[in-house]
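Colleague: with the sequence up front, the predicted model follows.
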Amino acid sequence: MAPQQEGETETANSYSTGNDGQGVGFKSKVTVVGSGNWGSVAAKLIASNTLKLNSFHDEVRMWVFEETLQTGEKLTDVINKTNENVKYLPGIKLGKNVLADPDLDNAVKDANMLVFVTPHQFMEGICKRLVGKVRGDVEAISLIKGMEVKMEGPCMISNLISEQLGINCSVLMGANIANEIAVEKFSEATVGYRDNREIAEQWVKLFSTPYFMVTPVQDVEGVELCGTLKNIVAIAAGFVDGLDMGNNTKAAIMRIGLREMKAFSKLLFSSVRDSTFFESCGVADVITTCLGGRNRKVAEAFARNGGKRSFDELEAEMLQGQKLQGVSTAREVYEVLSHRGWLQLFPLFTTVHEICTGRLPPSAIVEYSEKEPRLSLLEDSTRYTK
Ligand SMILES: NC(=O)c1ccc[n+]([C@@H]2O[C@H](COP(=O)([O-])OP(=O)(O)OC[C@H]3O[C@@H](n4cnc5c(N)ncnc54)[C@H](O)[C@@H]3O)[C@@H](O)[C@H]2O)c1
Ligand SMILES: O=P(O)(O)OC[C@H](O)CO
């Protein structure tokens, strides 16, 4: 297969829908690992397609991190009884072919397509539990926006999955506020794949609906870094909202944030394509997340409280069990920047972390002084672009 060229995009409709070398009559079994807000919507999207497409088993298993609800019932039991994730996606039917399963080993054992969608901080533990438990021929996709930092350096979640489980892992990212997709408002998304276009085609087929348009690009790292880094930009945008600084300032934050996302991604992986930043996973996700995401919302509350209430406290109070990714991602990126001597190159990423940890006040997000530029709104735009 010829590699995709810079600037070249593919439409979801450009693929054939064969049986991918598994033999005529083979049906793929899909398991979703995770059942939070986006995990539940992903299961709903997939379940609507497995019913329609002959190449998939109807049933979609969804692994649930079990918890007891205030009613005393188990979340899994309630999902299976009502067909609704009453805690993380109330009011939305998932599809009768979604089966919630609290047993991780059981949920994955027969699947040949695994969809990972949990907050990123839990993935290392989940991968450890899954070693030796998944099928040898399984293909994975990560919808997780986040990264780990190890002694050796940064490790993307798709890479963690690939390395720990010995399986190929694609990614799906995009301007995807789950609650909007849950009520079938039109959205786009980007599948990032490594080198096997047929696999990308399978994922596109599994996720695409008339209201969810998926475009594959051959740039796993670029797509995943976009999804990961935009959460830091969303925290910065929330600070701007909390300080009532207005739309022009927020647009400046988005522009500078997008530029830092691109510069950081390209410094980590020279293979990352410029064109990826114009896909749904890039500029579109920066916009939606800075307008309507959870990271933005909690960061706004943090700034309105003058940084006096911690993110952990605000997250618990405002999100009812849902998790932010931006604060930990800012810390993880800061570790990489300081280890590599790049802090000065990334004033927005650096400042967000220093505000989150209380070293700087929220207003520092746009402070500029001749002596010590924090967020260099005036900096030379060629400084860290190739
Ligand atoms: N919600 C969105 O709009 C959205 C959209 C696109 C991408 N994402 C990304 O998808 C990923 C998952 O987010 P989400 O919105 O589905 O989750 P969420 O924040 O809604 O829910 C938190 C989930 O974590 C689970 N959990 C809590 N403790 C756990 C533990 N110790 N081990 C394992 N699981 C545990 C909870 O059961 C729950 O399912 C994140 O990386 C997020 O950035 C979210
Ligand atoms: O609500 P957030 O801030 O986690 O963002 C949700 C999605 O990632 C937006 O695409």
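Modeller: Thanks, I have the structure now. Ligands and ions are numbered 1, 2, ... in the order given.
Colleague: for the rest of this, base every contact and every neighbour count on C-alpha atoms.
Modeller: Will do.
Colleague: tell me the domain ranges of the protein?
Modeller: Domain ranges of the chain: 8-218, 222-384, per automatic domain parsing.
Colleague: for those domains, give me a markdown table that also has mean neighbour count.
Modeller: As requested, those are exported to a markdown table (neighbours: other Cα atoms under 10 Å):
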| stretch | mean neighbour count |
| --- | --- |
| domain 8-218 | 19 |
| domain 222-384 | 20 |
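Colleague: residues in contact with residue 231?
Modeller: Residue 231 makes contact with 289, 295, 325, 326, 327, 329, according to Cα atoms under 8 Å, 6 or more residues apart in numbering.
Colleague: max-length strand in this structure?
Modeller: Determined from DSSP state E, the single longest strand within the chain is strand 56-63.
Colleague: beyond it, next helix or strand please.
Modeller: Next along the chain after strand 56-63, taking DSSP states H and E as the criterion, comes helix 75-82.
Colleague: the residue nearest to residue 156 when sequence neighbours are not counted and ligand 1, how far apart?
Modeller: Of all residues not flanking residue 156 in the chain, residue 147 sits nearest, at 4.7 Å (Cα to Cα, 6 or more residues apart in numbering). Distance of residue 147 to ligand 1, computed by Cα to the nearest ligand atom, to the nearest Å: 9 Å.
Colleague: output the domains of the chain in CSV; the columns should cover distance to ligand 2 and mean pLDDT.
Modeller: Putting those into CSV (distance: least, Cα to the nearest ligand atom, whole Å; pLDDT from 0 to 100) gives the following:
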stretch, distance to ligand 2, mean pLDDT
domain 8-218, 4, 93
domain 222-384, 3, 91
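Colleague: so what secondary structure elements neighbour the longest strand of the chain?
Modeller: For strand 56-63, the contact count by 3 or more Cα pairs under 8 Å, 6 or more residues apart in numbering; DSSP states H and E identifies strand 28-33, helix 37-52, strand 98-101, helix 104-108 as packing neighbours.
Colleague: relative to it, what are the paired strands and their orientations?
Modeller: Strand 56-63 has these partner strands in its sheet, going by DSSP bridges: strand 28-33 (parallel), strand 98-101 (parallel).
Colleague: about what we covered before: surely the residue nearest to residue 156 and residue 159 touch.
Modeller: No. With contact defined as Cα atoms under 8 Å, residue 147 and residue 159 do not form a contacting pair (9.4 Å).
Colleague: quick one: contacts of stretch 310-329?
Modeller: Outside stretch 310-329, the residues that touch it by Cα under 8 Å, 6+ apart are 36-37, 88, 119-120, 145-147, 228-232, 234-235, 294-295, 298-299, 301-302, 353, 356.
Colleague: let's see that with 7 Å instead.
Modeller: Defining contact as Cα atoms under 7 Å, 6 or more residues apart in numbering, one finds that stretch 310-329 is touched by 36, 119, 146, 147, 231, 232, 235, 294, 295, 298, 302, 356.
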